[in-house]
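**Student:** return atomic coordinates for the entry below.
(chains A and B)
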Protein chains: 2
Amino acid sequence: MTFKEKLAALRGMMKQQHIDAYIIPSSDPHISEYLPDHYRCIAWASGFTGSAGTLAITQEFAGLWTDSRYFVQAADQLAGSGYELMKLKVQTAPEFADWLAQTLPKNAVVAFDGKLASVLLAQAIEERLVPRGIAVKSAIDLLTPLWHDRPALPTSPAYLIYETITGATTASKLQRLRKEMERSGIGAHFISSLDDVAWLFNIRGSDVACNPVALAFALITDTTAILFIDQGKLTDKDKTSLQEAGVTVEDYAEAENALAHLDTGLVLLIDPKRTCFDFYNRIPDEVTVLEKTNPTTLFKAVKNNVEVTHTRHTMVKDGVALTRFFKWLEETLGNEPITEISLAEKLRGFRAELEGFVGESFDTIAGYRAHGALPHYKATPESNSALLPEGLLLVDSGGQYHTGTTDITRVVSLGNASEAEKTDYTLVLKGMIEGSTAVFPKGTRGYQLDAITRKPLWDHLRNYGHGTGHGVGFFLNVHEGPHTFNSAAVDVPVEPGMITSIEPGLYREGEYGIRIENLVLSVDHQDTSFGPFMAFETLTLCYIDTSLIDTSLLDAVHIAWLNTYHAMVYDKLAPHLEAVDQRWLKEKTQAIG
Amino acid sequence: MTFKEKLAALRGMMKQQHIDAYIIPSSDPHISEYLPDHYRCIAWASGFTGSAGTLAITQEFAGLWTDSRYFVQAADQLAGSGYELMKLKVQTAPEFADWLAQTLPKNAVVAFDGKLASVLLAQAIEERLVPRGIAVKSAIDLLTPLWHDRPALPTSPAYLIYETITGATTASKLQRLRKEMERSGIGAHFISSLDDVAWLFNIRGSDVACNPVALAFALITDTTAILFIDQGKLTDKDKTSLQEAGVTVEDYAEAENALAHLDTGLVLLIDPKRTCFDFYNRIPDEVTVLEKTNPTTLFKAVKNNVEVTHTRHTMVKDGVALTRFFKWLEETLGNEPITEISLAEKLRGFRAELEGFVGESFDTIAGYRAHGALPHYKATPESNSALLPEGLLLVDSGGQYHTGTTDITRVVSLGNASEAEKTDYTLVLKGMIEGSTAVFPKGTRGYQLDAITRKPLWDHLRNYGHGTGHGVGFFLNVHEGPHTFNSAAVDVPVEPGMITSIEPGLYREGEYGIRIENLVLSVDHQDTSFGPFMAFETLTLCYIDTSLIDTSLLDAVHIAWLNTYHAMVYDKLAPHLEAVDQRWLKEKTQAIG
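**Tutor:** Predicted coordinates:
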């Protein structure tokens, strides 16, 4: 079926079932960002492959609401699909619901599949529609009947990892969680988010591309801990270890029934942002539901010393692979053909040579020239550009290692950089340095650090449409909460031990894109009469192309930071490099004046 | 009765009524910040006179929870009262409720008077206590029986102001409000906040010190607009004008009954932050309650051109008064005795000479030396300091004029300023300039501008415990929402036409305090390929003491801004000053290098 035919079929079913508008969110029952193929509904229906978006369909109109990261890609992919691109003003805001509220008449019926929407999203939809007399049906799946070749749920094996890596046993994590539950008077806690389950049970898998997680739910009480997972995924040895940690393993499909049959009178904690509406609606009325962020989400975000030490070593590995890659790129360009796709494969190869490499933490974004202006660009055989000895190349990539997760963006000049490119590059770098060198009182939120990072760009009337940074997991998802560095009102203080990216950017559609990204660890800095202050330790180890810097736009402090950073990069990577690579890196990390 | 005796009496009544903990919030049924004497319950019970705080009382413990602005003052005033000072980590957070949740056993009973708590606060209390099996009673008034000489509700006259001043008639404001209600499917809207009522009906009064408002509620539907107010406060002429604008006037006491008898099936909008819990609980179950910020709160925050023009003129008036005041101070110091109280009276006098002056917009904060370290200090006959020709003097004051509201803080050196004082002063000034000169994308929130203003202080491991700025009314409350410049996650974008203070500070307990405050108007700045940008126009017109500046801590841009500002201050004020005052101001506004 073409996308147009699928849309027609959907509208036919909507007519039959008296549905005036149908919503297709981008999610799954775990409210994942990266989806198993079984749940890639938007790609199936519209052809849009971005990781964030919402489809809303009426008889007269069909649209995809997505944010600025995807404007250009979506315009491309939606061509001829019957869907129009609706540009989000505010990333992740349910603007499609506002549009429905304005467009639909009283007594209209809006439907969606509650398994694909978080409690928060569903409540936001109802809030906007119900007062206007519009009915909302949240258990309508129109896709399954039409999606004949829909992929099955993944069955890849899962495995336990150990205290020497995680720094904490499952038993101790369960104890910590129960202490927190007791403190807040919570009797039971249901966890849907895959990375929370993976962290709590020290379990990893490969059910989802790039995220080393296994499809699973968990239900914790003061005495029991149930892991709902396809039992075929676990070895007997791991099942035994789980048992010894006080964990009962039950079938994946049992999770929703367990929720539906909770003891009445219980106080149940669920995370409205990380639990699907369909499950939420199965909770018995006699259960008191407390809606709060999963405690494990915060526990997980604050890395322990073992995780931090492993991450520091992992950064050396990743830096070695990146050094070899950029050296290869420089020496090969002009001699052998290189394309966006081939260089991404090459980079993967350099990482794969390293011990403990599991896979990429996300699909490499290798954007040459205008493609760099698509913040989440992924080259396709059709789009694939061949590199020439000129213009800017943006490479955003990361690795999953048994000892940590990496995420780094660099922009390099392939030749003849323009003054405009140098100005933009230097201002982005200045923002990245301002964020990385910030000292701030304990309790500071990500949105304050977002502003400090953007300021150098704002001063020159420039800006970027994505966030400044995101939490990064430990051998887990490359995007994790609860904290984030962006302009949204996410009220989570930065805590010592959190790992976050700082990645300001600047995008000129049709010309080039710039983004410079390091991962930083938040650390205690100093106690003062004004309270304790914190700072960042930069973890990422890779040179920053100085040929693109216009030093007249930087202050002495920025240049000093860059020179110190480059000295550290060389000192930490050199011992692991061959002489020729050392010489090359020495060049790249020369101090600038 | 002494405070100790009152506390004992309260505990006695708690015992009788089986109440384990009693909460006394600082508010009234309108959730006002400045309270009529009738509702100054915390001052009556504990002696603490600050504008923000909460008392929580058990048989074993009695505490006042307040924020850093009041730590020193509260410690003073609570001495011997039986109440302990509990320092808030997060301004306005219900940390007393967390404390109760941790301290009280299951089945304990917590009570408060729902007329003194917003819906939001009451819900926050219940959220923390109910899951722990603690009962919450929200209609318990223990004070009235004990408070024999409790002041009656104020009966001062109210009056209407006209379109030439407000730029919009009541009829047009009602029309605008109804359009917004219709857009969101709202059938009725109840307004409790006094400044919202004052704005909507173009009415002013003097029931509350410093805020030109009258005690009133309002109920708006698509066809009716009821103003609940003590009818004796209005002239027949004004009653007629209101009638002509489609407004029905009913008795103040009728408001709660009107709420209790709303038609079932209605969708009612109330502001959970600006409506008291007691009224909320009177709403019939069959009414659908939508909890959102009052539309008028945002309408009011965005000043129209008439209001802005009046405000600009008012700033000239206020600047003239301030110039005369600071000149008087400089010339009188050493010749006549001056105290914190006498100089505040003198300043009031200079303002009172000006046409259209109604009163102060808040009690002048004149803090000499160590008293300057109390951000909300008000001199008392006991504390009143005599000024000497040395040390720092902080003066934070403002006026209510028929044509606008002002709020300004300056710090001047009375002689022999130390290097430490100059460093602190210059860093605060740098922050104020950074905030005032910020250019930022449309959609930027106050918490981002807060961070930009604090950055120069953070860079030197300094900070202040209060917000960076607050909305300011037009001949209305000196503190108004919905926007605010502070670190809290208040998700309100800055809009063109908003008037906000920028007032970074720095406080060294026992030594001195510094705060420099201007009011700024947000304006459209420039459209760019990255979207529209905004900026600020500084409204306040008063010199900034340059004798305290250490220019080595400023960049060229900061010095340039200061010199340009000083030139503007002189040009706008000079025409209204006598020659001697002109010459003096010329001196004070000399450009620095």
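**Student:** and the host helix or strand of residue A:76, what does it pack onto?
**Tutor:** When elements are assigned from DSSP states H and E, residue A:76 belongs to helix A:71-78. Using 3 or more CB pairs under 8 Å, 6 or more residues apart in numbering or on different chains; DSSP states H and E, the elements in contact with helix A:71-78 are strand A:62-66, strand A:84-87. Where C-beta positions appear, they are placed from N, C-alpha and C, glycine not excepted.
**Student:** paired strands for the last one, with orientation please.
**Tutor:** I take that to be strand A:84-87. Take DSSP bridges as the rule and strand A:84-87 pairs in its sheet with strand A:62-66 (parallel).
**Student:** just the C-alphas of the strand it pairs with, formatted as CSV.
**Tutor:** Presented in CSV, the C-alpha positions along strand A:62-66 are these (Å, rounded to 0.1, in the frame of the first residue of the first chain):
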residue,chain,number,x,y,z
ALA,A,62,-3.8,14.9,7.7
GLY,A,63,-0.8,16.4,9.4
LEU,A,64,2.5,15.5,11.1
TRP,A,65,3.4,17.8,14.0
THR,A,66,7.2,17.7,14.7
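**Student:** show the average pLDDT along that strand.
**Tutor:** The pLDDT scores in strand A:62-66 average 97.
**Student:** one more: stretch A:86-99?
**Tutor:** Stretch A:86-99 comes out at a mean pLDDT of 90.
**Student:** ok, and what's touching it?
**Tutor:** A:23, A:52, A:54, A:56, A:63-68, A:71, A:121, A:124-125, A:128-129, A:465-467, A:486, A:488, B:443 (CB atoms under 8 Å, 6 or more residues apart in numbering or on different chains).
**Student:** drop anything exposed from the residues you listed.
**Tutor:** The neighbour-count test (16 or more other CB atoms under 10 Å in any protein chain shown) applied to the contacts of stretch A:86-99 identifies A:23, A:52, A:54, A:56, A:63-68, A:71, A:121, A:124-125, A:128-129, A:465-467, A:486, A:488 as buried.
**Student:** domain boundaries for chain A, per the record?
**Tutor:** Per automatic domain parsing, the domain ranges recorded for chain A read A:3-137, A:159-300, A:302-588.
**Student:** the closest residue to residue A:71 other than its chain neighbours and residue A:64, how far apart?
**Tutor:** Computed as CB to CB, 6 or more residues apart in numbering or on different chains, the closest residue to residue A:71 that is not its neighbour in sequence is residue A:87, at 5.9 Å. Look at residue A:87 and residue A:64: by CB to CB, to the nearest Å, they are 10 Å apart.
**Student:** cool, residue A:120 as well?
**Tutor:** 21 Å.
**Student:** cool, and residue A:227?
**Tutor:** 36 Å.
**Student:** likewise for residue A:18?
**Tutor:** Where residue A:64 is concerned, residue A:18 sits at a distance of 24 Å (CB to CB).
**Student:** next one: residue A:400
**Tutor:** According to CB to CB, residue A:400 and residue A:64 sit 29 Å apart.
**Student:** which other residues reach the worst-scoring helix or strand of chain A on mean pLDDT?
**Tutor:** When each helix and strand of chain A is scored by mean pLDDT, DSSP states H and E, helix A:71-78 comes last, with a mean of 90. Under the criterion CB under 8 Å, 6+ apart, residues A:46-50, A:53, A:64, A:66, A:84-85, A:87, A:373-374, A:376-377, A:509 lie in contact with helix A:71-78.
**Student:** buried residues in the helix holding residue A:76?
**Tutor:** Residues A:71-74, A:76-78 are the ones in helix A:71-78 that count as buried (16+ other CB under 10 Å).
**Student:** CA-only coordinates of it, as CSV, when you get a sec.
**Tutor:** The C-alpha coordinates for helix A:71-78 follow below in CSV (Å, rounded to 0.1, in the frame of the first residue of the first chain):
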residue,chain,number,x,y,z
PHE,A,71,11.4,20.3,9.5
VAL,A,72,13.5,19.7,6.4
GLN,A,73,13.6,15.9,6.7
ALA,A,74,9.8,15.8,7.3
ALA,A,75,9.1,18.0,4.3
ASP,A,76,11.2,15.6,2.2
GLN,A,77,9.7,12.4,3.5
LEU,A,78,6.1,13.5,3.6
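**Student:** run the chain-centre distance for that helix.
**Tutor:** Chain-centre distance of helix A:71-78: 20 Å, with CA atoms, centre = their mean, to the nearest Å.
**Student:** what angle sits between that helix and strand A:62-66?
**Tutor:** Counting by axes from the mean of the first three to the mean of the last three CA atoms, to 10 degrees, helix A:71-78 lies at 150 degrees to strand A:62-66.
**Student:** burial measure for residue A:149, as a count.
**Tutor:** The local packing of residue A:149 (other CB atoms under 10 Å in any protein chain shown) involves 5 other residues.
**Student:** and the gap between it and chain B?
**Tutor:** 42 Å (CB to the nearest CB, to the nearest Å).
**Student:** so that residue sits in a strand?
**Tutor:** No: with DSSP: H, G, I helix; E, B strand; the rest coil as the criterion, residue A:149 is located in coil rather than a strand.
**Student:** which ones are touching it?
**Tutor:** For residue A:149, the contact set (CB under 8 Å, 6+ apart) is empty.
**Student:** separation between it and residue A:44?
**Tutor:** Distance, residue A:149 to residue A:44, by CB to CB: 9 Å.
**Student:** next, the contact list for the closest residue to chain B within the stretch 1-150 of chain A, please.
**Tutor:** Closest to chain B within the stretch 1-150 of chain A is residue A:132: 3.8 Å, counting by CB to the nearest CB. Listed by CB under 8 Å, 6+ apart, the contact partners of residue A:132 are A:101, A:104, A:106, B:184-185.
**Student:** which residues in the stretch 1-150 of chain A form strands?
**Tutor:** Assigned strands in the stretch 1-150 of chain A, in chain order: A:21-25, A:54-58, A:62-66, A:84-87, A:109-112, A:135-137 (criterion: DSSP state E, counting those that start in this stretch).
**Student:** identify whichever of these lies nearest to residue B:352.
**Tutor:** strand A:84-87 (54.4 Å; CB to CB).
**Student:** how far is that closest one from where the chain is centred?
**Tutor:** Taking CA atoms, centre = their mean, one finds the center of strand A:84-87 at 22 Å from the center of the full chain.
**Student:** what residues sit buried inside it?
**Tutor:** Buried residues in strand A:84-87, counted by 16+ other CB under 10 Å: A:85-86.
**Student:** send the alpha carbons of that strand over as CSV?
**Tutor:** Output of strand A:84-87 as CSV, limited to C-alpha atoms (Å, rounded to 0.1, in the frame of the first residue of the first chain):
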residue,chain,number,x,y,z
GLU,A,84,1.2,18.1,5.7
LEU,A,85,4.1,19.2,7.9
MET,A,86,2.9,21.2,10.9
LYS,A,87,5.8,23.0,12.5
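**Student:** surely residue A:281 meets residue A:126?
**Tutor:** No: with contact defined as CB atoms under 8 Å, residue A:281 does not count as touching residue A:126 (11.8 Å).
**Student:** among these two, which residue is more densely surrounded?
**Tutor:** residue A:126 (17 against 14).
**Student:** residues touching the more buried one, list them.
**Tutor:** residue A:136.
**Student:** look up the pLDDT of it for me, please.
**Tutor:** With respect to pLDDT, residue A:126 has a value of 95.
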